[in-house]
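Chemist: build me a model from this:
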Amino acid sequence: MVAHAEDLLEWSCKFCRVGVGQVNKCTTVVGPTYLQIKWWTFPSPIQRERKLHAHNILRASIAFEPKLRVTVHILTTPDNNGDSEYKTYEFTDFARGGGGDDAADTFAAAVNAIAFSERPLAGKVLVFVNPISGSRSGPKRFKAVEPLFHLVGLECEIITTTHHGHAAEVIATADLAKYSAVLSVSGDGTLNEVYTGLISRADSITAATMPVGIIPAGSEGTLAKMSTYFNPFAAAYVILKSHDVRPLDVLKLEQGSSIIFSVCGVGWGMPGKVAEESEQLRSTYGRSRYAVSALREFVAFKGCQGTHIYIHTYTRKYVCICVYIYMCIYMYIYIFCFLHICIHIYICIYIYMMHLYIYVYVSIYVYVCIYVYVSMYIHMCFYVYIYVNMRIYA
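Modeler: Below is the predicted model of the structure:
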């Protein structure tokens with residue numbers, strides 16, 4: 001957006017970044033979507049400039065003690081490493097724009113106007129904090145970012161989970177109309193409980209549209225790695241200032257009378273047993289519990305039986321066509337490789353009979369061709385197997 005002269009508001013004051021740097025005289029300009037700071041650092045004659053955009057500004061607050069000041073709270077955009085930083089800037093001694101309290105009030109109001117122009121959430125959020133996820137850092141992670149939620153005007157109802165399935169139990173009976181979003185400060189397990197609770201409700205069609213945010217605090221954070229950042233401030237930035245609400249595929253699992261839902265994946269057989277048994281080892285081994293559980297299951301595992309049924313068949317026709325095309329391509333390459341090898345074997349025999357030294361190089365080439373031929377044969381058999389089975393069970 002191009003700012004016109006009549007859209008700009010300007011003040012002269014002093015500013016500094018709290019805890020870092022010195023106090024400098026500056027000129028602040030508030031545009032439609034940004035706060036611009038211009039200052040000089042004595043004795044350098046070069047003007048310095050910093051532009052803070054609306055999607056990074058959380059709020060501007062006014063304090064009167066020990067002196068009148070306006071504090072602008074900033075949450076930086078996550079960098080390439082997925083890290084974000086919370087910063088605060090203080091502005092004092094307003095000289096223009098009315099001066100004194102009026103200037104400070106006007107400046108804070110102008111900054112808040114652009115800050116709240118980009119605020120995806122409002123109202124109240126339901127927060128689940130799992131205190132034993134991963135390295136037990138859930139409470140610490142949320143405590144670090146909770147003030148940021150209050151800065152943007154969000155009220156947090158915090159529930160610390162105490163047992164397996166706690167989040168699903170709360171969600172199943174909660175009055176979701178009171179909340180604008182649900183937040184999970186946990187690993188994949190509690191997150192799956194949240195989705196299970198939403199979809200299991202009588203009003204699941206409406207409940208399933210409830211936005212769910214993540215602040216990762218688990219060992220792996222499978223879904224978090226695909227949708228947000230592991231750094232708590234970066235994850236908070238996504239929730240508070242820069243997110244899109246999108247639909248998510250959910251896997252439904254039925255085991256006897258039990259129905260659960262998963263958004264990260266399913267472990268069956270040995271992976272399932274490792275995940276199940278590792279929960280009993282959490283308090284003893286912490287993040288190393290998966291390795292210990294895997295070793296125990298590898299030694300004692302005796303196999304398990306089950307049936308896998310793919311319910312949605314509407315894409316089977318197109319998958320079958322793609323597999324058929326791949327199978328044809330591999331078959332043509334397979335025939336070509338076969339003829340190619342036959343010709344070179346004939347040449348190799350002829351050269352050997354003529355006692356030529358090039359026989360060694362041709363032999364190596366033939367061996368490579370045979371390796372490629374066998375590899376192509378295995379791949380072709382694999383695609384034929386898939387195609388035949390898809391045709392049978394379609």
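Chemist: neighbours around the closest residue to Arg201 other than its chain neighbours, how many?
Modeler: With sequence-adjacent residues excluded and distances taken as CB to CB, 6 or more residues apart in numbering, Arg201 is closest to Ala207, at 4.6 Å. Every residue, glycine included, has its C-beta placed from N, CA and C. Neighbour count of Ala207, defined by other CB atoms under 10 Å: 18.
Chemist: repeat for Phe142
Modeler: By other CB under 10 Å, the residues close to Phe142 number 23.
Chemist: report all helices and strands that the strand or helix carrying it contacts.
Modeler: Under the criterion of DSSP states H and E, Phe142 resides in helix 138-151. Judged by 3 or more CB pairs under 8 Å, 6 or more residues apart in numbering; DSSP states H and E, helix 138-151 is in contact with strand 57-63, strand 69-75, strand 124-129, strand 155-160, strand 181-186, strand 212-216, helix 232-240.
Chemist: out of the ones you listed, which is closest to Trp268?
Modeler: Ranking these by distance to Trp268, with CB to CB as the measure, places strand 181-186 first at 22.8 Å.
Chemist: does Glu297 belong to a helix, a strand or coil?
Modeler: With DSSP: H, G, I helix; E, B strand; the rest coil as the basis, Glu297 sits in helix.
Chemist: what about it, how many residues nearby?
Modeler: 19.
Chemist: likewise Val292?
Modeler: Around Val292 there are 15 residues (other CB under 10 Å).
Chemist: now do the strands in the chain.
Modeler: Ranges of strands in the chain, per DSSP state E, are 9-17, 20-30, 34-40, 47-53, 57-63, 69-75, 86-92, 124-129, 155-160, 181-186, 212-216, 251-255, 258-262.
Chemist: the bottom helix or strand of this protein by mean pLDDT?
Modeler: Ranked by mean pLDDT, DSSP states H and E, the helix or strand of the chain with the weakest confidence is helix 359-393, at a mean of 62.
Chemist: ranking the helices and strands packed on helix 138-151 by burial, who's on top?
Modeler: Burial of these is given as mean neighbour count (mean count of other CB atoms under 10 Å); strand 181-186 ranks first at a mean of 28.
Chemist: that older thread, residues in contact with the residue nearest to Arg201?
Modeler: Ala207 makes contact with Ile171, Leu176, Leu198, Ile199, Arg201, according to CB atoms under 8 Å, 6 or more residues apart in numbering.
Chemist: from Glu157, how far out is it?
Modeler: From Ala207 across to Glu157, the span is 17 Å (CB to CB, to the nearest Å).
Chemist: okay if I get the helices and strands packed on helix 138-151 as CSV plus mean pLDDT?
Modeler: Below are these laid out as CSV (pLDDT from 0 to 100):
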stretch, mean pLDDT
strand 57-63, 91
strand 69-75, 93
strand 124-129, 93
strand 155-160, 93
strand 181-186, 92
strand 212-216, 90
helix 232-240, 91
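Chemist: in a markdown table, list the ones you listed along with distance to Arg48.
Modeler: Listed next are the helices and strands packed on helix 138-151 as a markdown table, based on distance: least, CB to CB, whole Å:
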| stretch | distance to Arg48 |
| --- | --- |
| strand 57-63 | 19 |
| strand 69-75 | 17 |
| strand 124-129 | 38 |
| strand 155-160 | 37 |
| strand 181-186 | 38 |
| strand 212-216 | 35 |
| helix 232-240 | 25 |
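Chemist: closest to Phe107 out of the ones you listed?
Modeler: strand 69-75 (5.7 Å).
Chemist: the closest one packs against which elements?
Modeler: Partner elements for strand 69-75 (3+ CB pairs under 8 Å, 6+ apart): strand 57-63, strand 86-92, helix 100-115, helix 138-151, helix 232-240.
Chemist: so can I have a markdown table of these showing distance to Glu297?
Modeler: Listed next are the helices and strands packed on strand 69-75 as a markdown table, based on distance: least, CB to CB, whole Å:
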| stretch | distance to Glu297 |
| --- | --- |
| strand 57-63 | 47 |
| strand 86-92 | 43 |
| helix 100-115 | 52 |
| helix 138-151 | 27 |
| helix 232-240 | 32 |
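Chemist: minimum distance to Ile259: which of these has it?
Modeler: helix 138-151 (26.7 Å).
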